[in-house]
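Visitor: could you look at this predicted model? Sequence included:
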Amino acid sequence: MIYVIVGMMNITLFFLTFAPPILILAYIIRADKFSEPIAAIVKVFLLGVFITGFAGYFNALLIPEGSDRHYLAGLTEESLKYMVLLFYVRKQNYFDEPMDAIVYGVLVSLGFATLENYEYVTRFIEHGQDVAILRAFSAIPLHAMCGVIMGFYFGMANFYKGGNNYAKALLIPICIHGSYNFVAGYSFHLTTIFILVLFFHAKRLHYKFVMLQQNKNREAQLKV
């Protein structure tokens, strides 16, 4: 499989296509103070890849060719990611602290984004390098940040208080993703501002769980 992929693109294009999601994933995984099992990381990432096919099917139904309703892709794609967290990840023994929700939220999101990125780059292979660079600073971070936001509220709901946090974990990423798709169709500059604002918001939410883990580490050290 890897030889088929490489055969369709040169090394530079291969790197531009796959490096951005992998680098973001590496950052999120390394920021987790309590490492996740490698098998779980691979499995959830591949589940993100797997649901891409379902997203393509449902998007084709909701967004006919030539339609301007691209914002509806946020509904199908974020709902499918959410289902992986709700019906699979949440039931696993390794899902045992709030930061896990962000880690696995980003894993499923970037598994999805990696295959989607490959499909876009190869579909427009004559402009593949430009497409890959543009998506490295737009669509790929969007998926990752939606994963952080989904994971934050999912973690809050699962480990602290449910309430409307489960609903927020689904609805906020849907609205963000849909808004991004809508804005991206009209203005590059507005899209850039949108991504920057979203970055700082997602970073703030991620930092809350980072601090929570650090406090747990301090408590554990004091007990020892």
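Guide: Perfect, thanks for sending it.
Visitor: my guess is residue 140 contacts residue 22, does it?
Guide: No - with contact defined as C-beta atoms under 8 Å, residue 140 does not reach residue 22; the gap is 10.1 Å. C-beta: built from backbone N, CA, C; applies to glycine.
Visitor: next SSE downstream of the helix or strand harbouring residue 23?
Guide: Assigned by DSSP states H and E, residue 23 belongs to helix 11-31. For helix 11-31, the succeeding helix or strand toward the C-terminus, using DSSP H and E, is helix 38-62.
Visitor: mind listing what's buried in that following helix?
Guide: By 16 or more other C-beta atoms under 10 Å, the buried positions in helix 38-62 come out as 40-41, 43-45, 47-49, 51-52, 55, 58-59.
Visitor: now those residues in JSON lines, with distance to residue 79 and pLDDT?
Guide: Shown next, in JSON lines, are the buried residues of helix 38-62 (distance: C-beta to C-beta, whole Å; pLDDT from 0 to 100):
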{"residue": "40", "distance to residue 79": "22", "pLDDT": "98"}
{"residue": "41", "distance to residue 79": "23", "pLDDT": "98"}
{"residue": "43", "distance to residue 79": "20", "pLDDT": "98"}
{"residue": "44", "distance to residue 79": "17", "pLDDT": "98"}
{"residue": "45", "distance to residue 79": "19", "pLDDT": "98"}
{"residue": "47", "distance to residue 79": "14", "pLDDT": "98"}
{"residue": "48", "distance to residue 79": "13", "pLDDT": "98"}
{"residue": "49", "distance to residue 79": "17", "pLDDT": "98"}
{"residue": "51", "distance to residue 79": "10", "pLDDT": "98"}
{"residue": "52", "distance to residue 79": "13", "pLDDT": "96"}
{"residue": "55", "distance to residue 79": "9", "pLDDT": "96"}
{"residue": "58", "distance to residue 79": "9", "pLDDT": "94"}
{"residue": "59", "distance to residue 79": "11", "pLDDT": "92"}
